[in-house]
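[1] A structural model of the following input is requested.
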Amino acid sequence: MIKLINFPSFHQLKNLKILQNHPFPLFAYLEWILLSICLLMEFRLGGLSKPGFIRESLNSPLVFFALIMFGIMGLKLPQTKTLYKIIYTLFGLFLMFLANYGLGKGIGFTPHLLLILVIRSCLVFDIKGRILIAALSWAFFIFTLNTNAPFKLPNKLRIENPEELTNIVFNLKITAGVLFTFILLFVMLLVNTVISERQSKQKLVLAHEQLRQYALRIENQATLQERSRIAREIHDSIGHSLTAQSIQLENALLFIDSNIEKAKSFLLQGKNMGANALKEVRFSVSALRSDPLKGKSLEFAIEDLFEEFKLKFQIKPKFYLPVNPILSPEINLTIYRIIQEALTNISKHSDADLVNIEIKTIDNSLYLSIQDNGVGFNPKQNTTGFGLQSMRDRAHALAGKFYLNSKPGEGCSIMMFLPFSGLD
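    Have a look, this model is predicted:
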């Protein structure tokens, strides 16, 4: 009965505990493949018994010790101090020298092990260190190619044309040097490409995490600003109306026994103030609505906003929309919010009885103008209010420009330009 051998999959090899600390397990597999090729080639050549080239000497225990230690070194790479990295590299060169010496080649370095050293240097050093190690590896290979005499010819073998053999050996050395140079360059490019891709992915993950944290901070900041605005809205409008209503009710209690007509007058004023407070609540809830457009066009949504404003303050703004450009929902909502915030400021501070709003296109830009004939103010003394800052931020978020012109006694004018290139 034949039993099939189940070889571990790549995913299983990747999860080996001995490779958990390795930054690139794929390169560790490549190192093992090169070590295996080195062992197969050298020991196969060392065991040749046919006439021809033979090995002078072979120290198998020394070779095994050096290669095993060299392989174990690849499981843990130094990542901290430069001194540790240099000692690590020098010790690897020493083990490579022992392996080459144990194979009977004398002083030199095996090309397979030099390639492994270059791969490890790419994982340990920066770009300057990688180039230095690659240059040293190339120099060691050329030195080994010209100094090693790993084989000798048997005494029985005579060479009829020594010059021809010298030329053949010289050509083989040139070919080996060129081939090793190209292989070295390929390995450098391959490893550096993989490392660059890994670093790019890590930077992308880090940037994504930073962006997520930034978005959370912005969301929290926006939430706090919205809470502050709601608190200010309640304090300035609803709170003021309820406080005045409470005073009127207290006055009614004082005169309810002595002057019933005056008490009724106070009660009537308190009732009117309660109705105004209710209007304030409805207007504030409308301002907080997440989607005030509700699928309506911008023109109809603004008309509804004007009706609410007229019902509360007996002023209906004049609206001029000669061109109705097709805009995205985000742009429509931004324009709606800016107009809504401007009307809120007008109702609270301007004491105006005329409001003009115009939307049109000018030179590939969307133009919004809001003007009133109220009391006006000095912009230099009032530029930090939440309402004005909110309108300015909304315009800048769409790559637009926001302008505010006002003088005491001359009303207020707001202009905003949104480039169509920023509306995409």
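
[2] Tell me where the stretch 1-150 of the chain has strands.
    Under the criterion DSSP state E, counting those that start in this stretch, the stretch 1-150 of the chain contains strands at 54-55.

[3] What ranges does it have for its helices?
    10-14, 25-46, 60-73, 82-102, 111-124, 127-147 (DSSP state H, counting those that start in this stretch).

[4] same deal with the stretch 301-424 of the chain?
    329-345, 386-397.

[5] deepest of those helices, which one?
    Greatest average neighbour count among these goes to helix 329-345 (a mean of 19), per mean count of other CB atoms under 10 Å. Where C-beta positions appear, they are placed from N, C-alpha and C, glycine not excepted.

[6] quick one: contacts of it?
    With CB atoms under 8 Å, 6 or more residues apart in numbering as the test, helix 329-345 has contacts from 283, 287, 291-293, 297-298, 301-302, 305, 309, 317, 327, 355, 357, 359, 366, 368, 370, 385, 387-388, 390-391, 394-395, 397-398, 414, 416, 418, 423.

[7] now swap in stretch 355-363 and tell me
    302, 315, 317-323, 325, 335, 339, 343, 346, 366-372, 417.

[8] are any of those buried, and which?
    With burial judged by 16 or more other CB atoms under 10 Å, the buried subset of the contacts of stretch 355-363 is 302, 315, 317, 319, 335, 339, 343, 346, 366, 368, 370-372, 417.

[9] What is the nearest of these to residue 147?
    The shortest approach to residue 147 among these belongs to residue 417, at 77.3 Å (CB to CB).

[10] and residue 217, which of the three is it?
    helix (DSSP: H, G, I helix; E, B strand; the rest coil).

[11] Run a quick neighbour tally on it.
    Close neighbours of residue 217, defined as other CB atoms under 10 Å, add up to 10.

[12] now swap in residue 82 and tell me
    Residues near residue 82, counting by other CB under 10 Å: 12.

[13] do residue 377 as well
    Here the count is done by other CB under 10 Å, and residue 377 has 21 residues near it.

[14] Can you tell me the closest non-neighbouring residue to it?
    residue 406 (5.5 Å; CB to CB, 6 or more residues apart in numbering).

[15] How much space separates residue 89 from residue 174?
    29 Å (CB to CB, to the nearest Å).

[16] Could you check which of the two has the larger neighbour count?
    Neighbour totals were compared for residue 89 and residue 174, and residue 89 leads with 21 against 11 (other CB under 10 Å).

[17] Contact partners for that one?
    Residue 89 touches 117, 120-121, 124, 133, counting by CB under 8 Å, 6+ apart.

[18] Nearest to residue 31 among these?
    Distances from residue 31 to the contacts of residue 89, taken by CB to CB, are shortest for residue 120, at 7.7 Å.

[19] I'd assumed residue 92 was in contact with the closest one.
    Yes - applying CB atoms under 8 Å as the test, residue 120 and residue 92 come out as touching, 7.1 Å apart.

[20] Low-confidence regions, the stretch 1-150 of the chain specifically.
    1-23, 41-58, 104-107, 148-150 (pLDDT under 70).

[21] try 80 this time
    The model of the stretch 1-150 of the chain has pLDDT under 80 over residues 1-32, 34-60, 63-64, 67, 71, 74-76, 79-80, 99-110, 145-150.

[22] quick one on the thing from earlier: okay if I get the helices of the stretch 301-424 of the chain as CSV plus mean pLDDT and distance to residue 249?
    Formatted as CSV, the helices of the stretch 301-424 of the chain follow (pLDDT from 0 to 100; distance: least, CB to CB, whole Å):
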stretch, mean pLDDT, distance to residue 249
helix 329-345, 83, 28
helix 386-397, 80, 31
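
[23] Between those, which one is closest to residue 31.
    Of the helices of the stretch 301-424 of the chain, nearest to residue 31 by CB to CB is helix 386-397, at 52.7 Å.

[24] on contacts alone, who are the packing partners of that closest one?
    Contact partners of helix 386-397 among helices and strands, from 3 or more CB pairs under 8 Å, 6 or more residues apart in numbering; DSSP states H and E: helix 162-233, helix 329-345, strand 401-406, strand 412-419.

[25] list the contacts for residue 375?
    Contacts of residue 375 (CB under 8 Å, 6+ apart): 349-352, 408-409, 411.

[26] Out of the residues you listed, flag the one nearest to residue 214.
    residue 349 (34.2 Å).

[27] tell me, how many neighbours does the closest one end up with?
    18.

[28] May I have the predicted confidence score for it?
    Confidence at residue 349, expressed as pLDDT, is 78.

[29] Ok, which of the helices of the stretch 301-424 of the chain comes nearest residue 279?
    helix 329-345 (12.8 Å).

[30] what's the angle between that closest one and helix 162-233?
    Helix 329-345 and helix 162-233 are oriented at 30 degrees to each other (axes from the mean of the first three to the mean of the last three CA atoms, to 10 degrees).

[31] Would you pull up how far helix 329-345 lies from the middle of the chain?
    Offset of helix 329-345 from its chain centre (CA atoms, centre = their mean, to the nearest Å): 31 Å.

[32] domains for the protein, by residue range?
    The chain breaks down by automatic domain parsing into domains covering 10-158, 296-424.

[33] can you tell which of those is closest to residue 221?
    Nearest of the domains of the chain (CB to CB): domain 296-424, 11.2 Å.

[34] okay, the helices and strands packed on helix 386-397 in JSON lines with distance to residue 112 next?
    Output for those, formatted as JSON lines (distance: least, CB to CB, whole Å):
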{"stretch": "helix 162-233", "distance to residue 112": "10"}
{"stretch": "helix 329-345", "distance to residue 112": "61"}
{"stretch": "strand 401-406", "distance to residue 112": "66"}
{"stretch": "strand 412-419", "distance to residue 112": "62"}
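
[35] of all those, which lies closest to residue 255?
    Using CB to CB, the helices and strands packed on helix 386-397 put helix 162-233 closest to residue 255, at 33.0 Å.

[36] that older thread, can you tell me which of the buried ones among the contacts of stretch 355-363 is nearest residue 166?
    For those, the nearest to residue 166 is residue 417 (83.6 Å; CB to CB).

[37] Enumerate every residue touching that closest one.
    Going by CB under 8 Å, 6+ apart, the list of residues near residue 417 reads 362, 365-368, 400-401.
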